[in-house]
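> 3D, please:
(2 chains)
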Amino acid sequence: MFSDFDFDVIQRSLPYLFKEGMTFTLTITFTAMSAGIVFGTLLALMRLSPFRPLATVAGAYVNLIRSLPLVLVIFWFYFLVPWIGQWITGAERPVLVGPYLSSFITFTLFEAAFYCEIMRAGIQSIPRNQVAAGYALGLTYGQTMRTVVLPQAFRNMLPILLTQTIVLFQDTSLVYVLSISDFLGAAAKVAQRDGRLVEMYLFVAVVYFIMSYGASYYVKRLQTRLAVPR
Amino acid sequence: MHYHWNWGIFFEMSPEGTGTYLETFVWGFGWTVATSLSAWIMALVLGCIVGVLRTTSSPWVVRIANGYVELFRNIPLIVQMFLWYFVLPELVPVGIGDWLKQLPDAAFYNAVIALGFFTSARVAEQVRAGIQSIPRGQRAAATALGLTGLQTYRYVLVPMALRIIVPPLTSEFMNVVKNSAVGLTIGLVELTGRARAMQEFSFQVFEAFTAATLAYVLITISIVLLMRWLERRVAIPGFIARAGAAH
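Below is the predicted model of the structure:
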């Protein structure tokens, strides 16, 4: 079974797999996380806004994105972003974007919908009198949110935000459908070139497992440490 | 340059020779539904078993069941599909491996198995949480009535837990449908794969993806309505009514 298992192919491709593949995977993960949390928080504030149209638009966006498969969304943005680019810049023809930039945009906007729901729950978990107290102190809406509500919401939701990021980290492997050399894409290229599918895919699975498991173990410890006695 | 819309494209013949583009979409819809439902049934059965094992009093059983959940939760679905589809046939004896590779609709079976195991880990997590949320007195009462361990689970704990976890199961059900699109990477011609194929043959990108999007939204709405009905039917009298069930 493992008699003709070729460990050498893994060793030979290690620099490529990690320097190129894993670097891309981690870059897109952290970019989509940071930008996704910012956009997600804005979306959450929109959804909770007393101004109806704003809440409706944000709600429709979040619900639509959450009911579509990520693979389909990746294709959507891959073909749509060039046309949007043309529309914004007023160019003659669709702007050339390429799979790399388009995948960054896709994951940011896709994850924003999920981070939005987490932040919304976080904001709603803050007692209403705190907002009233903020206003009573003469703070504006923006100040109340920035200095009172959001810091607490963020802190309460940190473990869930990080868990969502682990899901995001695993989901980035789907950029495979755009033939991008992320960690899985790089391994798949080596696997097909050398005819070593078994070794490469098992190795990929082990690496993803160790990283995700390690990260979720860390989140679990963080969760017990962060738990605020109320 | 402007995008050239052509909604009539759906009634033109697809170059695959299997009918119009619309017909290929109907087939894709069928494969998506078939894959999702099969994987969902598999996930429910396995998830219930593993979830129950995680609440037993034997530390080794709990450890193994926890390991099962961690294994299927921490590897991306697409990698799991590749393992079942490309790697497994190479690891089993040659005869079985060849049989696996020549199986008709191999992509479908592999997608169902991969998706079933992947989702079962999530269901197991919900089932465990559901069982642990049941007041401890119920288990004690079952024991006092003379029920065996198995009977306690069969007649008291599992039926209660399943009724409690209907809302989180709804979102897992929707996840199965969405995740079935990953099957296109191993050659399953489901909805997203169909949209992709139509885009490649006809260059009518946005018509193809719009059709797929509408189909997914339709499935999502059906699931939400079905599960809402189920949630009302199986709500446990005396428990705090779920606010979500009302609207």
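> how near is residue B:196 to residue A:105?
Separation of residue B:196 from residue A:105 (C-beta to C-beta, to the nearest Å) stands at 19 Å. Where C-beta positions appear, they are placed from N, C-alpha and C, glycine not excepted.
> neighbour-wise, which of the two wins?
Shown here are residue B:196 and residue A:105; by other C-beta atoms under 10 Å in any protein chain shown, residue B:196 has more neighbours (22 against 18).
> Off-centre distance for the host helix or strand of the more buried one?
Following DSSP states H and E, the helix or strand that holds residue B:196 is helix B:191-202. From the chain centre to the centre of helix B:191-202 is a distance of 23 Å (C-alpha atoms, centre = their mean, to the nearest Å).
> Which elements pack onto it?
Packed against helix B:191-202 by the contact rule (3 or more C-beta pairs under 8 Å, 6 or more residues apart in numbering or on different chains; DSSP states H and E) you find helix A:70-89, helix B:21-53, helix B:205-234.
> which parts of chain A sit against chain B?
Contact residues (C-beta under 8 Å from any C-beta of the partner chain) of chain A with chain B: A:1, A:64, A:67-72, A:75-76, A:79-80, A:83, A:86, A:92-94, A:170-171, A:173-174, A:176-177, A:184, A:188, A:197-198, A:201-202, A:204-205, A:208-209, A:212-213, A:216.
> Can you turn the buried part of the residues you listed into a ChimeraX selection?
The ChimeraX selection below is limited to those of the residues of chain A next to chain B classed as buried (16 or more other C-beta atoms under 10 Å in any protein chain shown):
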select /A:67,68,69,70,71,72,75,76,79,80,83,86,94,170,171,173,174,176,177,184,188,197,198,201,202,204,205,208,209,212,213,216
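> is it true that residue B:235 touches residue B:163?
Yes. The pair formed by residue B:235 and residue B:163 meets the contact definition of C-beta atoms under 8 Å, at 7.3 Å.
> Against residue B:11, how distant is residue A:108?
Distance, residue A:108 to residue B:11, using C-beta to C-beta: 37 Å.
> what about these two, which has more around it?
Between residue A:108 and residue B:11, counted using other C-beta under 10 Å, residue A:108 has the larger neighbour count: 22 against 10.
> Could you say which helix or strand holds the more buried one?
Going by DSSP H and E, residue A:108 is in helix A:98-124.
> cool, and residue A:164?
helix A:150-171.
> Longest helix in chain A, please.
Looking across chain A with DSSP state H, the single longest helix is helix A:197-226.
> so for that helix, what's the average pLDDT?
Averaged across helix A:197-226, pLDDT comes to 93.
> cool, and stretch A:171-190?
Averaging the model's pLDDT scores along stretch A:171-190 yields 94.
> what do you get for stretch B:175-192?
Mean predicted lDDT for stretch B:175-192 stands at 94.
> What's the end-to-end length of it?
15 Å (C-alpha to C-alpha, to the nearest Å).
> Could you do stretch B:154-171 as well?
25 Å.
> List the residues that contact residue A:222.
Contact analysis of residue A:222 by C-beta atoms under 8 Å, 6 or more residues apart in numbering or on different chains lists A:158, A:159, A:162.
> Output these in CSV; the columns should cover distance to residue B:36 and pLDDT.
Formatted as CSV, the contacts of residue A:222 follow (distance: C-beta to C-beta, whole Å; pLDDT from 0 to 100):
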residue, distance to residue B:36, pLDDT
A:158, 33, 93
A:159, 30, 92
A:162, 29, 95
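> Just the buried residues of the residues you listed.
Buried members of the contacts of residue A:222, counted by 16+ other C-beta under 10 Å: A:158, A:159, A:162.
> helix/strand/coil for residue A:95?
Using DSSP: H, G, I helix; E, B strand; the rest coil, the secondary structure recorded for residue A:95 is coil.
> Wait, it touches residue A:86, no?
Yes. Using C-beta under 8 Å, residue A:95 is in contact with residue A:86, at 5.5 Å.
> Just the pLDDT for residue B:241.
53.
> hang on, residue A:35 packs against residue A:108?
Yes. Contact criterion C-beta under 8 Å: residue A:35 and residue A:108 qualify, at 4.3 Å.
> shaky segments in the chain?
Because you didn't say which chain, this covers chain A. For chain A, applying pLDDT under 70 flags the ranges A:1-3, A:228-230.
> oops, chain B please
B:1, B:240-247.
> So which residues on it come close to chain A?
Within chain B, the positions near chain A by C-beta under 8 Å from any C-beta are B:1, B:3, B:70-71, B:73-80, B:82-83, B:86-87, B:90-91, B:174, B:177-182, B:184-185, B:191-192, B:195-196, B:199, B:205-206, B:209, B:212-213, B:216-217, B:220.
> so how far is residue B:133 from residue B:24?
Counting by C-beta to C-beta, the gap from residue B:24 to residue B:133 is 46 Å.
> thought residue B:3 was touching residue B:206?
Yes. Counting by C-beta under 8 Å, residue B:3 touches residue B:206, with 6.7 Å between them.
> which of residue B:24 and residue B:133 has more neighbours?
Each of residue B:24 and residue B:133 has its neighbours counted (other C-beta under 10 Å); residue B:24 has more, 22 against 11.
> doesn't residue B:15 make contact with the more buried one?
No. Here residue B:24 does not reach residue B:15: they are 10.3 Å apart, not a contact under C-beta under 8 Å.
> For residue B:13, grab phi and psi.
Residue B:13 adopts backbone torsions of phi -70, psi 140, taken as degrees, to the nearest 10.
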